[in-house]
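A.B. asks: using only what follows, build the 3D model:
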Amino acid sequence: MANLRQMLVLILSASFVSVILLVHQLHKLAQPRIPESPGSLYNRVPPSQASSSAIQGYCNHADNITIGAEGLPPNGYKLISVTTLIRHGDRLPMLASPPLGPFMVPRVNCELNVSHSSISHLFNMFIEKTKDMPKTDWPFPLRPVGWCNPEDLTPSGVEQQIKNGLLLREAYGEQLILDQKNIRVVSTTFSRTYQSSIALMFGLLGEGIDFESLHVDSTNNTMLCRSSTKQECYCPRAEVFLLEAKRDLARLRKHDENFHKFNDSIHKTFQQAKIGSVEVEYPWSSAHDMLASRFCSSVGPYCQRGTCITEAQIDLNWGSLNSYHQEMSKNSNARGWAKLAMYHFFQELVQRLTRHATHPASIKDVFSVYAAHDVTIKPLFLALELPLNQWPPYASRVMFELYRPTVDADTEEFLLKIIYNGQDLTRLLKFCTTRIVWSGSGCALRDFINYFRNMLPSVGGDNFGRACRV
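C.D. replies: Below is the predicted model of the structure:
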C-alpha cells in the first residue's frame, strides 16, 4: 500500500509540473516576439493569419490587391491609352534610429522564395526569367538579391507588383493589344522603384517579356520632373508654400487625440526600456516609416531591452498621420505647393493625352508606367483637389484612362477617367464641368487640359519661372 501511495504522489507531481510548464509556454507565446539579433529571415505572415488592425490596409498584401473599375469603357467609347503612376511595393525602413532611438533596421533575406507567394506559378516564372540577370543601363539587379539594405524592396513588394501587372493585363491587355513595343516605363532612381517597375512589367507581359531589350527611363526627381537639369525643376515658391502649410497644420497638434495618445504611450515605452527620451515631431511620419514598414514585412515588433512597441501604438500613429493629411488636403498653401511641385508631370501627361487624341498614329506607346513613391501620389491628389483620406499604401496605382468616341457616338468629346486602387474618382474632379460628366461616363479631356492651363495662374504666375519666384 505504501508503494502505491508513493506511485500516486509521483504521478500527481509529474502532472502538476507538466501543467506549470504548459502554462509557462503558452504565456511565452502570447508575448511579443523579441528578435535575438538583427538576423531575422523574411517570413511574411499570410494575410489570413495576420491581425485585422488598421495598418493592414497600408501594408496592402498581394492577396488583397484586386481589380476594380479599370478598363471599363463608357457606352459609345473606345480605350486608346493608359498612363499609370505606381507606388513601389513593400520595402524595409528608410531610417535606422531617429526619432525612435537605437532600433536597428531588421536584417531581411531578400532572395525570392516561391513558397512565400500566393501567386506561386507567376513567382516561379519570374525567378527563372531573372535568374541570369541580363545587363541593363541601371546599377541595380532586376530583382532583390541577398540581404536587403534599408529602403530596399522586399520579396513581398515584388509579389505585389507582379499581382498589379497581372490585373492590369486583365483590364487592358486585349483592349490596347499590349506588347513590349507599345509600353513606356519611367522610374525614379531608386532600386525599390526600378525593381517594382520590372516586377509590374513581368506581370503585365508574362513569360514573353525580354528584359535585355526592356528600356526603363530614369528621373532623379520624386515629383517626376524630367527636365534636363535640376535647376529647371527647382521652385523656391513651392518650398515657401510647403513651409506655410506645415505651419498651418502644426496647430492641429493640440487637437489630434491620436497623436497625443501615441506620443504619451511611446514615451512610457522608452522609459520602461530605460533608453532615454525620444524626438518629438508632428506628424510622426518618420516613426510611421520605421514601424509600419517593419510590421508589413512581418519581421517582428520593434523591441529594445525587453520592451516592444505594440500594434496598437502603430495604429494610433497611423490614425494621426491620416488625420494630418486629410487636413492637408483642405489647405490652400498645400495645394499651391502641390501644383508647382507636380507641374512638370502634368505638363508631360497633358502633352501625351493631347497627341493621343489628335495624332494617335504618331505615338507608339499606348501604355505608360511611372514608378514612384507615396510622396508623389500625395501631391498629385492635392494638385487635382481630390480627397485622399489615407496615406497611399504600398503598391498603390493611379490610372489615367483616355477614351475616344466611337463612330456611332453622339459626341466628339474625348473622355478621361482617373482610377485609384480600383476606385473610379473621376466624378470627384471639381473642374469637370462639361455636360457629359453628369452622365457618369468620365471627364471631358478639354476640361482636364483647361485645368492644367490654369494651374500656374492659380498660384500667381503665367509661366513656371515666374510662378516660382519669391
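
A.B. asks: care to break the protein down by domain?
C.D. replies: Structural domains assigned to the chain are 56-240+331-467, 247-324, following automatic domain parsing.

A.B. asks: how about JSON lines for those domains, with mean pLDDT added?
C.D. replies: Compiled in JSON lines, those are given as follows (pLDDT from 0 to 100):
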{"stretch": "domain 56-240+331-467", "mean pLDDT": "92"}
{"stretch": "domain 247-324", "mean pLDDT": "80"}
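
A.B. asks: could those go into JSON lines alongside mean neighbour count?
C.D. replies: Placement of C-beta: from N, CA and C, glycine included. Converted to JSON lines, the domains of the chain look like this (neighbours: other CB atoms under 10 Å):
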{"stretch": "domain 56-240+331-467", "mean neighbour count": "19"}
{"stretch": "domain 247-324", "mean neighbour count": "18"}
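
A.B. asks: wait, what's in contact with S120?
C.D. replies: For S120, the contact set (CB atoms under 8 Å, 6 or more residues apart in numbering) comprises V114.

A.B. asks: tell me the phi and psi of it?
C.D. replies: In terms of degrees, to the nearest 10, the main-chain angles of S120 are phi -60, psi -30.

A.B. asks: hang on, V398 packs against K417?
C.D. replies: No: under the criterion of CB atoms under 8 Å, V398 is not in contact with K417, lying 11.2 Å apart.

A.B. asks: and C225, how far from C468?
C.D. replies: The spacing between C225 and C468, counted by CB to CB, to the nearest Å, is 12 Å.

A.B. asks: chain center to whichever strand or helix holds K246, what's the gap?
C.D. replies: In this assignment (DSSP states H and E), K246 forms part of helix 236-250. A distance of 24 Å separates the C-alpha centroid of helix 236-250 from that of its chain, computed with CA atoms, centre = their mean, to the nearest Å.

A.B. asks: output the contacting helices and strands for it.
C.D. replies: Based on contacts counted as 3 or more CB pairs under 8 Å, 6 or more residues apart in numbering; DSSP states H and E, the elements that helix 236-250 packs against are helix 311-328, helix 332-341.

A.B. asks: would CSV of the ones you listed with distance to E207 be doable?
C.D. replies: What follows is the helices and strands packed on helix 236-250, written out as CSV (distance: least, CB to CB, whole Å):
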stretch, distance to E207
helix 311-328, 38
helix 332-341, 39
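
A.B. asks: which non-adjacent residue is nearest N450?
C.D. replies: Using CB to CB, 6 or more residues apart in numbering and skipping residues adjacent in sequence, the residue nearest N450 is F431, 7.2 Å away.

A.B. asks: dump stretch 215-235 to PDB, keeping only the CA atoms.
C.D. replies: What follows is stretch 215-235 as a C-alpha-only set of coordinates in PDB (Å, rounded to 0.1, in the frame of the first residue of the first chain):
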ATOM      1  CA  HIS A 215      14.200  50.100 -71.600                       C
ATOM      2  CA  VAL A 216      13.400  52.000 -68.400                       C
ATOM      3  CA  ASP A 217      13.800  55.800 -68.500                       C
ATOM      4  CA  SER A 218      15.000  57.400 -65.300                       C
ATOM      5  CA  THR A 219      14.300  60.600 -63.300                       C
ATOM      6  CA  ASN A 220      16.100  61.700 -60.200                       C
ATOM      7  CA  ASN A 221      13.100  63.800 -59.200                       C
ATOM      8  CA  THR A 222      10.400  62.200 -57.000                       C
ATOM      9  CA  MET A 223       7.800  64.600 -58.400                       C
ATOM     10  CA  LEU A 224       8.600  63.200 -61.900                       C
ATOM     11  CA  CYS A 225      10.100  66.300 -63.300                       C
ATOM     12  CA  ARG A 226      12.200  65.000 -66.200                       C
ATOM     13  CA  SER A 227      13.900  68.300 -67.300                       C
ATOM     14  CA  SER A 228      17.500  68.100 -68.400                       C
ATOM     15  CA  THR A 229      18.800  70.000 -65.300                       C
ATOM     16  CA  LYS A 230      17.800  70.100 -61.700                       C
ATOM     17  CA  GLN A 231      17.600  73.900 -61.900                       C
ATOM     18  CA  GLU A 232      14.600  73.600 -64.300                       C
ATOM     19  CA  CYS A 233      12.700  71.600 -61.700                       C
ATOM     20  CA  TYR A 234      13.700  73.700 -58.700                       C
ATOM     21  CA  CYS A 235      10.900  76.000 -57.500                       C
END
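
A.B. asks: outside of it, which residues touch it?
C.D. replies: By CB under 8 Å, 6+ apart, stretch 215-235 touches 85, 136-138, 184-189, 194, 197-198, 340-345, 348, 370, 372-373, 375-376, 379, 464, 467-468.

A.B. asks: strands along the protein, start to end?
C.D. replies: Assigned strands in the chain, in chain order: 77-87, 183-188, 216-219, 303-304, 307-308, 367-372, 397-405, 415-420, 423-424, 443-444 (criterion: DSSP state E).

A.B. asks: check contacts around P93.
C.D. replies: Contacts were defined as CB under 8 Å, 6+ apart; by that measure P93 touches V105, P150, E151, D289, M290, S293, R294.

A.B. asks: of those residues, which belong to helices?
C.D. replies: When DSSP state H is applied, the contacts of P93 are split such that D289, M290, S293, R294 fall in helices.

A.B. asks: the last one against M94, yeah?
C.D. replies: No: under the criterion of CB under 8 Å, R294 makes no contact with M94, lying 11.3 Å away.

A.B. asks: which ones are touching S187?
C.D. replies: Residues touching S187, when contacts are defined by CB under 8 Å, 6+ apart, comprise T193, Y194, S196, S197, V216, D217, S218, T219, Y370, A371, A372.

A.B. asks: ok, now which ones touch the closest residue to it other than its chain neighbours?
C.D. replies: Counting by CB to CB, 6+ apart, the nearest residue to S187 once its immediate chain neighbours are dropped is A371, at 4.0 Å. Residues near A371 by CB under 8 Å, 6+ apart: I86, H88, V185, V186, S187, T188, T193, Y194, S196, S197, L200.
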